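> here's a sequence, model it:
(one chain, ligands or ions: 3)
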Amino acid sequence: MEVITSLEMYVADRNAEWLGVPRLVLMENAGAAVARNILKKYPHASRVLAVCGTGDNGGDGYVAVRHLHAAGKEVRVIALGEPREELAARNYQAVKRLWGVEVAVAQSPLELLALQDWLMWADVIIDAVLGTGIRGALREPHATAIELMNIAPAPKVAVDVPSGLDPDTGEVRDKAVKAALTVTFHKAKKGLLAPSAARYVGELVVEPIGIPPEAEVVVGPGDFAYLNFSRRADSKKGDHGRVLVVGGSLEYSGAPVLVAKAALRAGVDLAVVAAPEPAAYAAKAMGPDIIAVPLEGPRLSLKHVDRIASLAERFDVVAIGPGLGTEGETPDAVREIFRRLTGRKPLVADADALKALRGEKAAGITVYTPHAGEFKALTGVDPPHGLRERVEVVRQHASSIGAVILLKGRYDVISDGSRVKVNTTGTPAMTVGGTGDVLTGLVASFLTKTTNPLEAAAVAAFVNGLAGEEAAAQLGFHITASDLLDKIPGVIRKFAREDVTPASSRA
Ligand SMILES: NC(=O)C1=CN([C@@H]2O[C@H](COP(=O)(O)OP(=O)(O)OC[C@H]3O[C@@H](n4cnc5c(N)ncnc54)[C@H](O)[C@@H]3O)[C@@H](O)[C@H]2O)[C@@H](O)CC1
Ligand SMILES: Nc1ncnc2c1ncn2[C@@H]1O[C@H](COP(=O)(O)OP(=O)(O)O)[C@@H](O)[C@H]1O
Ligand SMILES: [K+]
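Ligands and ions are numbered 1, 2, ... in the order given. As a prediction, the model looks like this:
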């Protein structure tokens, strides 16, 4: 049986919406599935009581209530409070307008105890109190609700997860509903299959609810859940990331600056460019936001390796490659720096660095961002045109190299060797040089916001593509890579939670 974690489920749910399947449809399908299973398993039950929480799990419960009422059952509802989420609230209002359904609101244990006769009245009880959104120790009146449901003789039907059970581990921290049947959605939550969970789960039925398989592969708004953009009130410089960019040469000075500017726009505290002198001085001239460390001579060479390795110690992420060129000792220097850092320092390798890294094994948090030509230089393989075949080739090479590979193109294919994500944002206007450097800066920045490099790369591709779309919406096919930089903050703020958490709360 395929399993899924509650976080993966949250992502699939939000990304299904990104693909055009409204979340209200998912909720309707979920609640209808619960009703259908109750009618099938308990055909002679005429009195159904639903106990609904204040989240979407409760929302599913309200949908099931509506369907069972329509099927001629006598249905009552105990609501543990007015739902806050829009979808659950809409279904709550719809149930309250049904004059044939009695709804009681119980926000305290006392109010619940006054409704104990309802729990005794029921032939079947729907547990729609808590699902995958359970956090921490049970609060009231949820804890009392679980207790009273367990005391009641009627069989319990749990919506998605028996309330009180941890959906990912199957542990019961305080108490949980002992269900006769659990109707879970889309895929089994890992915790439901834990041996210790069996006495709470009862019979397990997995019901599809209309989430397309692509929702688990496409990059979308849900993926932002892996990244932390919030800040503590007592933050200090450096808390939100320091990125070192090793790039540039006599010929190229813009690339490393685009990387650094993109990283700053995405939300790091410091972006420093270590570049051969001509590029470093050019970078300094480009504005006050970038710190540039000049490396003697016209290009990166072996004499710089020690300096860069020790400089890197003071940074969270190192991006290497943009604008380095492939002349002279540069490839040897890249290999030497890579060998010293991979597995010890989160790394993003792009552009000219990739040509030098063919045959190298990566370790730890390392992300490669090749386009098709660089992929061939890196692996010797021309990426196939078909998306399925391309996914397989990227996955295989990510696995054999030991790095996350983000293969750029009309669709960006990202894999860590096992999981795969496909980014569909972007526009042909982005073939202008430098948009890959902006992407590298985004990857570097997001590696300071998560420990999941696959998701850092996936969200970077997503943001880069949308920034390109927004720039192209204004300028058509006349954008430059710099035009993406100012679009980055707006794109991120559309999807990321950027709270300021009080200084006192633990990180
Ligand atoms: N993710 C998906 O793909 C779908 C999810 N759906 C339903 O949505 C559920 C997840 O909904 P939510 O994320 O809103 O979360 P839940 O509805 O599972 O729980 C969140 C609610 O419970 C409260 N709560 C959390 N922990 C608590 C505790 N320890 N003590 C007391 N109260 C607590 C929260 O304040 C919030 O009101 C799923 O289990 C499923 O039933 C369905 O609508 C179908 C689609
Ligand atoms: N035809 C396209 N449609 C949509 N996005 C594209 C297209 N071509 C490139 N991109 C996007 O442009 C960005 C950089 O592509 P790339 O070819 O690597 O540029 P660079 O040469 O600057 O590295 C990537 O984010 C990629 O997704
Ligand atoms: K539940």
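> can we go C-alpha only for contacts and neighbour counts from here?
Noted.
> ok, residues contacting the helix or strand hosting residue 125?
If you go by DSSP states H and E, residue 125 is part of strand 124-128. Here strand 124-128 makes contact (Cα atoms under 8 Å, 6 or more residues apart in numbering) with 42, 45, 47-53, 57-61, 119, 149, 154-159, 162-163, 177.
> so what strands line up beside that strand?
strand 47-52 (parallel), strand 156-159 (parallel) (DSSP bridges).
> quick one: which of those strands is nearest residue 499?
strand 47-52 (29.0 Å; Cα to Cα).
> quick one: mean pLDDT over that closest one.
For strand 47-52, the mean pLDDT works out to 98.
> quick check: the gap between the residue in the stretch 151-300 of the chain that ligand 1 sits nearest to and residue 24.
Proximity of the stretch 151-300 of the chain to ligand 1 (Cα to the nearest ligand atom) peaks at residue 160, 4.9 Å away. Distance of residue 160 to residue 24, computed by Cα to Cα, to the nearest Å: 16 Å.
> residue 472 now?
Distance from residue 472 to residue 24, by Cα to Cα: 32 Å.
> what about the helices in the stretch 151-300 of the chain?
Counting by DSSP state H, counting those that start in this stretch, residue ranges of the helices within the stretch 151-300 of the chain are 198-201, 254-266, 277-285.
> what do you get for the stretch 1-150 of the chain?
6-18, 23-41, 56-70, 86-96, 109-113, 116-121, 142-151.
> so how far is the first one off the chain centroid?
Computed by Cα atoms, centre = their mean, to the nearest Å, the chain-centroid distance of helix 6-18 equals 8 Å.
> show residues contacting that helix.
So helix 6-18 is contacted by 22-23, 132, 167-168, 189, 211-212, 214-216, 218-223, 225 (Cα under 8 Å, 6+ apart).
> longest single helix anywhere in the protein?
Longest helix in the chain by number of residues (criterion: DSSP state H): helix 453-475.
> so for it, mean pLDDT?
98.
> same question, stretch 128-146
Summarised as a single mean, pLDDT over stretch 128-146 is 97.
> do you know how far residue 253 is from ligand 3?
57 Å (Cα to the ion, to the nearest Å).
> please report how far the residue nearest to that residue when sequence neighbours are not counted lies from residue 485.
With sequence-adjacent residues excluded and distances taken as Cα to Cα, 6 or more residues apart in numbering, residue 253 is closest to residue 279, at 4.4 Å. Note on residue 279: its distance to residue 485, by Cα to Cα, is 20 Å.
> contact residues of the stretch 401-507 of the chain facing ligand 2?
408-410, 412, 426-428, 430-431, 433-437, 439, 461, 464-465 (Cα under 6 Å from any ligand atom).
> just the buried residues of those residues.
Taking 16 or more other Cα atoms under 10 Å as the criterion, what is buried in these is 408-409, 412, 426-427, 430-431, 434-437, 439, 461, 464-465.
> and those, which is closest to ligand 3?
Of all these, ligand 3 sits closest to residue 461, with 35.8 Å by Cα to the ion.
> does that closest one touch residue 410 like I think?
No. In this structure, residue 461 is not within contact of residue 410 by Cα atoms under 8 Å, at 11.0 Å.
> quick check: the gap between residue 392 and ligand 2.
18 Å (Cα to the nearest ligand atom, to the nearest Å).
> quick one, grab the pLDDT at that residue.
Confidence score, pLDDT, at residue 392: 98.
> picking that back up, what's the closest non-adjacent residue to the residue of the stretch 151-300 of the chain closest to ligand 1?
Closest to residue 160 by Cα to Cα, 6+ apart is residue 184, at 3.7 Å.
> what is the neighbour count of that neighbour?
25 (other Cα atoms under 10 Å).
> which ones are touching it?
So residue 184 contacts 159-161, 204-207 (Cα under 8 Å, 6+ apart).
> show me the contact partners of stretch 34-52.
Against stretch 34-52 from outside (Cα under 8 Å, 6+ apart): 58-59, 61-62, 64-65, 67-68, 73-80, 118-119, 121-129, 145, 157, 159, 183.
> can you narrow those to ones near ligand 3?
Counting by Cα under 5 Å from the ion, 127-129, 159 from those sit close to ligand 3.
> excluding its backbone neighbours, what's nearest the residue of the stretch 101-250 of the chain found nearest ligand 2?
The stretch 101-250 of the chain approaches ligand 2 most closely through residue 219 (12.2 Å), counting by Cα to the nearest ligand atom. On the basis of Cα to Cα, 6+ apart, the spatially nearest residue to residue 219 that is not a chain neighbour turns out to be residue 423, at 5.0 Å.
> can you check residue 96 too?
residue 103 (6.6 Å).
> for that neighbour, name its beta-bridge partners.
residue 77.
> got the contact list for it?
76-79, 96.
> redo those residues as a markdown table? Include neighbour count and pLDDT.
Formatted as a markdown table, those follow (neighbours: other Cα atoms under 10 Å; pLDDT from 0 to 100):
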| residue | neighbour count | pLDDT |
| --- | --- | --- |
| 76 | 24 | 98 |
| 77 | 24 | 98 |
| 78 | 22 | 98 |
| 79 | 24 | 98 |
| 96 | 17 | 97 |
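> show me which of those residues is closest to residue 395.
Once Cα to Cα is applied, the member of those that ends up nearest residue 395 is residue 79, at 47.0 Å.
> pretty sure the closest one contacts residue 53?
Yes. Assessed by Cα under 8 Å, residue 79 is found in contact with residue 53 at 6.3 Å.
> quick one: residue 363 from ligand 3, how far?
41 Å.
> ditto for residue 40
From residue 40 to ligand 3 the distance is 19 Å (Cα to the ion).
> what about that residue, how many neighbours?
10.
> now residue 337
For residue 337, the neighbour count with other Cα under 10 Å is 20.
> also residue 117?
11.
> check which helix or strand covers the closest residue to ligand 2 within the chain.
Residue nearest to ligand 2 within the chain: residue 436 (3.2 Å; Cα to the nearest ligand atom). With secondary structure defined by DSSP H and E, residue 436 is part of helix 435-446.
> ok, back up a step: is it possible to get a markdown table of the contacts of residue 184 that adds neighbour count and distance to ligand 2?
Shown next, in a markdown table, are the contacts of residue 184 (neighbours: other Cα atoms under 10 Å; distance: Cα to the nearest ligand atom, whole Å):
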| residue | neighbour count | distance to ligand 2 |
| --- | --- | --- |
| 159 | 29 | 40 |
| 160 | 31 | 37 |
| 161 | 35 | 38 |
| 204 | 19 | 42 |
| 205 | 18 | 40 |
| 206 | 17 | 36 |
| 207 | 18 | 35 |
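> shaky segments in the chain?
504-507 (pLDDT under 70).
> do that again at 80, thanks
Filtered on pLDDT under 80, the chain yields the residue ranges 503-507.
> return the residues of it in contact with ligand 1.
So the chain meets ligand 1 at 9-10, 13, 26-27, 30, 54-58, 60, 130-139, 142, 159-160 (Cα under 6 Å from any ligand atom).
> show me which of those residues are buried.
Using 16+ other Cα under 10 Å, the buried ones in the residues of the chain next to ligand 1 are 9-10, 13, 26-27, 30, 54-58, 60, 130-134, 138, 142, 159-160.
> thanks a lot, catch you later.
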